[in-house]
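**Student:** sequence first, predicted model second:
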Amino acid sequence: MLGNSHSGAERTRKQRIYAALAVAAILAMCMWYYSSHKSPVSPGGSRLTNLVLSTKTPYLAPNATARSVPAGLELIQVQHIYRHGARYPTLGDMAHIKNVYGLGGLNVPRDWINAGLVDGDKAALLAEYGYHEMKGLAQRTLQRYPKFLAERMRNPELVRFVSSEFQRSIMSARTFQGVVDPSNHTRPVTVLPLQEDTILAMKTGCPVWVQGKETATLNASKETAVFDSAHGQKLIQRMEGKLGAKLTVDHISTLYSMCGYEVSLFAQSGTWCTLFDPDTSALMELRNDIKYSRVYGPFGANINRKLACALFTAIFQDIDSALRDPPKAVSTFRFGHAETIMFVSTLLRLEDVLGTDNSPITGSMPFSRAQHRGFKTSVIAPFSTNLGIELYRDQRDQPFFRMLLNEQGVRLPECHDEFCSLGVLRNKLSDAIGCDFESVCRISSR
Ligand SMILES: O=P(O)(O)O[C@H]1[C@H](OP(=O)(O)O)[C@@H](OP(=O)(O)O)[C@H](O)[C@@H](O)[C@H]1OP(=O)(O)O
């Protein structure tokens, strides 16, 4: 009996071990499935993918807060410029996406065909995650300037919100304002009529830039052709093998933007993004930056380095009135577009701060060198990208500034520290401040 009972007890012990092992195996499989299929959802929060997504990159809250203000500096004014939050594709982009959806032989799971990306009624509108991004930015702004904003907003004239005349910017501004000023002390968002807008949607009102865009786009397409001859075949082989359809590199560029929209609008990285690995995404961003760096950036017409001059003139008008009467300083939050920030970055030559290799981005640029370029749209122009200028005075009443790019301090090459004498910035922008935008943009008759 003992033997039997012993063997019975042994059998029971083994059965319990096997059962425990089976449960552990099932748990492990569930955890694997979740980790490989989870669509990380955090609006404007944690990293959604390890891909770089050019101007379709979702806004990622910084890992750390900006440095605290050194003792002896008193904050007088803040001026921030934003691109709107994540938006639906423009009609132009939707046409490209429809073209991909209609490719013969396209062999993808049904749930990859997302009607939300081709719904004309939503074209270019601010998306739900765009609202979330703005709310997160506003909450962190309140945390960065807790007393300052509360005190200033007691006088509704001292904190302003300004937007370009596009729904995506207006709704970004109103969403941001609603969080920063829940008691509605401040005035309604000031919307700049497009025809008069020289500081946010400035490109449309600048004939020299519009005329130059054709040349910039032509130059970009020549360099893109060089890029495609170097990388296109490999990209096409990779993607055709996965999709089962005949593709061009332009199709792959659309697939890349679809990945960006899926992540930014739906926090979904398990569809079109599975076609890209980090290096391929960086290669596609490089292809985009050949264009953006010429149309809006440092490697296009000289006008690109001037188009933010009216904006900086307005910023310095506000800075100078703040220095004349600090308690009456007006702080302004301005909401525009990707090119608003790209023109600002180009005028400030931020590419020199953000990268170590700032030769013109060409189609034959080695990928290893390209990774060190300062002009990267996923850094400078993601959705909700923002640039801030904080104005301080020290105990001897000397003015200082700090520049923030996407909520992180930026030290200009001319400064020893990110908290820097205002005279350095004024001197750096001396050609821009006080510009006559109309004459800068006028096409000369000669
Ligand atoms: O994501 P980007 O900077 O390319 O977006 C552009 C728009 O270009 P698109 O998305 O269509 O490639 C551009 O639209 P377009 O119809 O003028 O080409 C728009 O004018 C420009 O402001 C950017 O849009 P944003 O998202 O408002 O920055």
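**Tutor:** Good, I have the coordinates.

**Student:** need the residues of the protein near the ligand, please.
**Tutor:** 55, 83, 87, 90, 92-93, 337-339 (Cβ under 6 Å from any ligand atom). Any C-beta I mention is one placed from the backbone N, CA and C, and that applies to glycine too.

**Student:** narrow the residues you listed to those in helices?
**Tutor:** If you go by DSSP state H, those have 92-93, 338-339 in helices.

**Student:** ok, so of these, who is nearest Gln15?
**Tutor:** Of all those, Asp93 has the smallest distance to Gln15: 59.6 Å, by Cβ to Cβ.

**Student:** Tyr256 is in contact with the closest one, correct?
**Tutor:** No. Contact criterion Cβ atoms under 8 Å: Asp93 and Tyr256 do not qualify, at 11.5 Å.

**Student:** who has more neighbours, those two?
**Tutor:** The residue with the greater number of neighbours, taking Asp93 and Tyr256 and applying other Cβ atoms under 10 Å, is Tyr256; the counts read 26 against 19.

**Student:** center of the chain - which residue?
**Tutor:** Pro382 (1.4 Å; Cα atoms, centre = their mean).

**Student:** which ones are touching that residue?
**Tutor:** Under the criterion of Cβ atoms under 8 Å, 6 or more residues apart in numbering, the contact list for Pro382 reads 53, 55, 57-60, 83, 406.

**Student:** which of these fall in helices?
**Tutor:** When those are checked against helices (DSSP H), there are no matches.

**Student:** of these, closest to the ligand?
**Tutor:** Ranking the contacts of Pro382 by separation from the ligand, with Cβ to the nearest ligand atom as the measure, puts Thr55 on top at 3.5 Å.

**Student:** still on that earlier bit, would CSV of the contacts of Pro382 with pLDDT, distance to Glu438 and neighbour count be doable?
**Tutor:** Shown next, in CSV, are the contacts of Pro382 (pLDDT from 0 to 100; distance: Cβ to Cβ, whole Å; neighbours: other Cβ atoms under 10 Å):
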residue, pLDDT, distance to Glu438, neighbour count
Leu53, 97, 36, 27
Thr55, 98, 28, 24
Thr57, 97, 34, 26
Pro58, 96, 37, 27
Tyr59, 96, 34, 27
Leu60, 92, 38, 18
Arg83, 98, 25, 29
Asn406, 97, 32, 19
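
**Student:** where do the helices of the stretch 151-300 of the chain begin and end?
**Tutor:** With DSSP state H, counting those that start in this stretch applied, the stretch 151-300 of the chain shows helices at 167-180, 207-243, 249-266, 278-295, listed in chain order.

**Student:** wait, the stretch 1-150 of the chain
**Tutor:** Counting by DSSP H, counting those that start in this stretch, the helices of the stretch 1-150 of the chain are 2-37, 91-101, 128-144, 146-152.

**Student:** and what of the stretch 301-446 of the chain?
**Tutor:** Listed from the start of the chain, the stretch 301-446 of the chain has helices (DSSP H, counting those that start in this stretch) covering 309-324, 338-348, 351-354, 367-370, 377-380, 422-428, 437-441.
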